[in-house]
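J.: Below is the structure, and that's it, no one-letter string:
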């Protein structure tokens with residue numbers, strides 16, 4: 001697999017697993033990554049937790065910013081994660 005193009009967009013995505021849990025990750029191609037998770041070649045956490053659905057995605061300007069956003073999202077308690085993935089929710093959780 002070739003390395004991602006540094007000029008391409010980066011995305012933070014949240015998946016809702018079949019058991020109701022949430023999984024957060026980063027990618028340059030959300031569709032490809034969802035397919036990897038669904039076929040068992042994605043993260044170990046998502047294996048056996050299907051069906052998976054995309055709960056939210058956010059486009060970020062760089063790999064650095066998306067990794068910082070992922071770290072910030074993962075520190076939120078569950079109830080704030082649910083608020084953050086609601087449609088049209090403000091990005092209150094993003095680091096400054």
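T.: Arrived safely, thanks for sending. Every value quoted in this text rests on a predicted model; they were computed, and no experiment measured them.

J.: who does the most centrally placed residue in the chain bridge with?
T.: Residue closest to the mean C-alpha point of the chain, counted by CA atoms, centre = their mean, is residue 13 at 2.1 Å. Legend: beta-bridge partners of residue 13 under DSSP bridges are residue 25, residue 57.

J.: give me every residue that touches it.
T.: When contacts are counted by CB atoms under 8 Å, 6 or more residues apart in numbering, residue 13 touches 24, 25, 26, 27, 30, 33, 34, 54, 56, 57, 58. Bear in mind the C-beta positions are built from the backbone N, C-alpha and C, glycine included.

J.: so how far is residue 37 from the fifth one?
T.: Here the criterion is CB to CB, to the nearest Å. By it, residue 30 lies 10 Å from residue 37.

J.: between these two, who's got more neighbours?
T.: residue 37 (23 against 17; other CB atoms under 10 Å).

J.: nearest spatial neighbour of the more buried one, skipping sequence neighbours?
T.: residue 46 (4.4 Å; CB to CB, 6 or more residues apart in numbering).

J.: next one: residue 67
T.: residue 26 (6.4 Å).

J.: wait, doesn't that neighbour sit right on residue 10?
T.: Yes: between residue 26 and residue 10 there is a contact under CB atoms under 8 Å: 6.2 Å.

J.: so how far is the helix or strand harbouring residue 32 from its chain's centroid?
T.: Per DSSP states H and E, residue 32 falls inside helix 30-38. Distance, stretch centre to chain centre, for helix 30-38: 11 Å (CA atoms, centre = their mean, to the nearest Å).

J.: ok, now stretch 49-60?
T.: Centroid separation between stretch 49-60 and its chain, computed with CA atoms, centre = their mean, is 6 Å.
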